[in-house]
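**Q** Predicted structure and sequence below. I'll ask about it afterward.
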Amino acid sequence: MKALPTLEGGLRIDAEDASDWELLRAIIIDATACPTDLASRLGGLISEEAGASDWEEYVVPDLREEFQDQLAQISAAVEAASFHAQNGPGPIWITREDAAAWYSSLNQARLAMEEHFHFGASETIQVEGMTPERQAAFIRSKFYCAIQSLLLEFVMK
């Protein structure tokens, strides 16, 4: 898979085969893998003194809906691009208008993976000796981080 900035200020990701499309689909799978959604987990961080009940009542539902809408947008984009490419080599385009949804979805996936695997600081991680599941999750997390970095550098400026 290759990712390149576009002249229009977006990002183009070129999938090279079916496994690349599966990697892009994994964003949604990873983001929704926790038993408790991200909006609720964030709400759980608010103390009662800081207004936890108000946060739960007024903020969490809207936040949950926004997160779900962003994931649905990315899922639809990946499926449409994969279908057009017949699950083989082909591009997916991220425009400036889509960048926030992509960034958020990648972030949701990374946060859920951290919640599950507790990777911590990546410079202290020893990949050798990890289970295959944990290694795969770590590699996906690094890939998601790389795409987020490209979005920040070339699209969301």
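**A** Arrived safely, thanks for sending.

**Q** all contacts plus neighbour counts: C-alpha atoms, from now on.
**A** Noted.

**Q** Can you tell me the centre-most residue of this structure?
**A** Centrality entry for the chain: nearest residue to the mean C-alpha point is Leu106, 1.6 Å, by Cα atoms, centre = their mean.

**Q** Would you agree it is in contact with Leu151?
**A** No - if you go by Cα atoms under 8 Å, Leu106 and Leu151 don't touch, sitting 10.6 Å apart.

**Q** Let me know the outermost residue of the protein.
**A** Distance from the C-alpha centroid of the chain peaks at Glu49, with 31.7 Å (Cα atoms, centre = their mean).

**Q** What mean pLDDT does the helix or strand where Phe143 lies get?
**A** Using DSSP states H and E, Phe143 sits in helix 132-150. Per-residue pLDDT over helix 132-150 has a mean of 96.

**Q** and if you look at stretch 4-20?
**A** 97.

**Q** any idea how far Ala3 is from Pro61?
**A** Separation of Pro61 from Ala3 (Cα to Cα, to the nearest Å): 34 Å.

**Q** what's downstream of the worst-scoring helix or strand of the chain on mean pLDDT, the next helix or strand?
**A** Sorting the helices and strands of the chain by mean pLDDT, DSSP states H and E puts helix 52-54 at the bottom, at a mean of 83. The helix or strand immediately downstream of helix 52-54 is helix 60-84, counting by DSSP H and E.

**Q** by contact count, what packs against that following helix?
**A** With contacts taken as 3 or more Cα pairs under 8 Å, 6 or more residues apart in numbering; DSSP states H and E, helix 60-84 sits against helix 18-31, helix 38-43, strand 90-94, helix 96-117.

**Q** okay if I get these as a markdown table plus distance to Met130?
**A** Formatted as a markdown table, these follow (distance: least, Cα to Cα, whole Å):
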| stretch | distance to Met130 |
| --- | --- |
| helix 18-31 | 18 |
| helix 38-43 | 26 |
| strand 90-94 | 32 |
| helix 96-117 | 11 |
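
**Q** Now tell me which of these the model trusts least on average.
**A** Note on those: helix 38-43 shows the lowest mean pLDDT, a mean of 86.

**Q** Okay, buried residues for that one please.
**A** With burial defined by 16 or more other Cα atoms under 10 Å, the residues of helix 38-43 counted as buried are Leu38, Ala39, Ser40, Gly43.
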